[in-house]
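Participant: No sequence on hand, only this structure:
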Ligand SMILES: Cc1ncc(COP(=O)(O)O)c(C=O)c1O
């Protein structure tokens, strides 16, 4: 939730409640983007709400439960907007994120990550009275570490087996799924709820057609793995897919029950490059000040890697952020400097403010204590990134 001292650093007045579709947000009266201290991460609340509504509508249309990944924003306020629009529960990446969202009143949480460690198992056990929990696993060895505290307490933890549908990161290959799932189903202290996957390789696809093909295969391969498990007599309640570029394609596949996109609330330059959305669908930008113009072809802003992150543009490298409304982009970063390659026919002056569309919104949010909610140029709210840095 909003904290007064965090508003002070932006030079803003105290907030009053602002009604939005998910409840109320702390409202910042009479403040515009021009008065914000920079660099500031700004979220256009109108675009945010439109993105939330669009994905919720798609999931409703195909009868799939939407479980947005909250690692993108790490903000309970934004999660409340997602819930108000029909999200079924939340996905998170870390036990620490689950704790923050459980404390904020979210009672259905899936840790979409192969969590390993008895310490994590004990923390999950202490959450289990407050929330319906699910956790990702991709090995019996890993699941055993979580199972132990639950078994000793006479309880069981829901697990979903991660299946690799082509990303090549974590997850069992489809041919091993029945074997591993069978052993999980016999492991005291856990209960097999289903299967899940994430087609992160969609971010490397060079054309929209290639993204769509990955999305189709994501759904089909996971649905096929679920069918194999059922044939072997194993329980599969949930068949969960999801990334932002592949969400719409994968959720339409028969047999898929749940979708877990995260980035869609904000979008970013990579989603635009992938053809997921247009620039007008990007809710998160960074407002920065030009602090130096040392040469006609170079300008420097006060947002470096500690503000924008050094994540590359996907699917092809192309600098570290696009100046909105201009062709210039950030071509080099150091911690507090973003060096713009000034495009032909453009110029910048010292003191000028620019808005930068970052490559990867999820990592940008995690670098900041709060996001500044705006509508047009009007500052409306300060959103605390409450689960920021919860990497354990
Ligand atoms: C397991 C898992 N599920 C869902 C997502 C959400 O994907 P996206 O950020 O593309 O929406 C991610 C993102 O990293 C993920 O790792």
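Facilitator: Done, it's in. Since the structure is predicted, the reported quantities are computational estimates derived from the model, not experimental observations.
Participant: residue nearest the centroid of this protein?
Facilitator: For the chain, the residue nearest the mean C-alpha position is residue 72 (2.5 Å; Cα atoms, centre = their mean).
Participant: Identify the residues contacting it.
Facilitator: By Cβ atoms under 8 Å, 6 or more residues apart in numbering, the contact set of residue 72 is 262-263, 265-266, 361-362, 365. All C-beta spots, glycine's among them, are computed from the backbone N, C-alpha and C.
Participant: Shouldn't it be within a helix?
Facilitator: No: Residue 72 is assigned coil when assessed by DSSP: H, G, I helix; E, B strand; the rest coil, not a helix.
Participant: What pLDDT is listed against the nearest residue to it once chain neighbours are set aside?
Facilitator: Closest residue to residue 72 apart from its sequence neighbours, by Cβ to Cβ, 6 or more residues apart in numbering: residue 262 at 3.9 Å. Residue 262 carries a pLDDT value of 98.
Participant: Flag every residue of the stretch 101-250 of the chain that's near the ligand.
Facilitator: 112, 198, 242-244 (Cβ under 6 Å from any ligand atom).
Participant: By pLDDT, rank those and give me the bottom one.
Facilitator: When these are compared by pLDDT, residue 242 scores lowest at 95.
Participant: Pull the contacting residues for the residue nearest to it when sequence neighbours are not counted.
Facilitator: Once flanking residues are discounted, residue 242 sits nearest to residue 260: 3.5 Å by Cβ to Cβ, 6+ apart. Residue 260 makes contact with 67-69, 91, 110, 112, 196, 198, 240-242, according to Cβ under 8 Å, 6+ apart.
Participant: In helices, which of the residues you listed fall?
Facilitator: With helices taken from DSSP state H, there is no overlap with those.
Participant: Relative to residue 369, which of these is nearest.
Facilitator: Nearest to residue 369, judged by Cβ to Cβ, of those is residue 69 at 20.8 Å.
Participant: quick one: the closest residue to residue 300 other than its chain neighbours from residue 347, how far?
Facilitator: Closest residue to residue 300 apart from its sequence neighbours, by Cβ to Cβ, 6+ apart: residue 292 at 4.2 Å. Plainly put, residue 292 is 13 Å away from residue 347 if you go by Cβ to Cβ, to the nearest Å.
Participant: Does the lengthiest strand in the chain reach the ligand?
Facilitator: In the chain, taking DSSP state E as the definition, the longest strand is strand 284-295. No: Strand 284-295 stays out of contact with the ligand when judged by Cβ under 6 Å from any ligand atom, the minimum separation being 12.8 Å.
Participant: so how far is that strand off the chain centroid?
Facilitator: 26 Å (Cα atoms, centre = their mean, to the nearest Å).
Participant: State the mean pLDDT of it.
Facilitator: Strand 284-295 carries an average pLDDT of 98.
Participant: now the residues of the stretch 101-250 of the chain next to the ligand as TSV including neighbour count?
Facilitator: Shown next, in TSV, are those (neighbours: other Cβ atoms under 10 Å):
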residue	neighbour count
112	26
198	29
242	29
243	27
244	28
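Participant: Can you flag which of those residues belong to strands?
Facilitator: If you go by DSSP E, those have residue 112 in strands.
Participant: any chance of the residues of the stretch 101-250 of the chain next to the ligand in TSV, with distance to residue 176 too?
Facilitator: What follows is those, written out as TSV (distance: Cβ to Cβ, whole Å):
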residue	distance to residue 176
112	20
198	17
242	22
243	22
244	28
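Participant: Between the residues of the stretch 101-250 of the chain next to the ligand, which sits nearest residue 165?
Facilitator: The closest of those to residue 165 turns out to be residue 198 (Cβ to Cβ; 8.4 Å).
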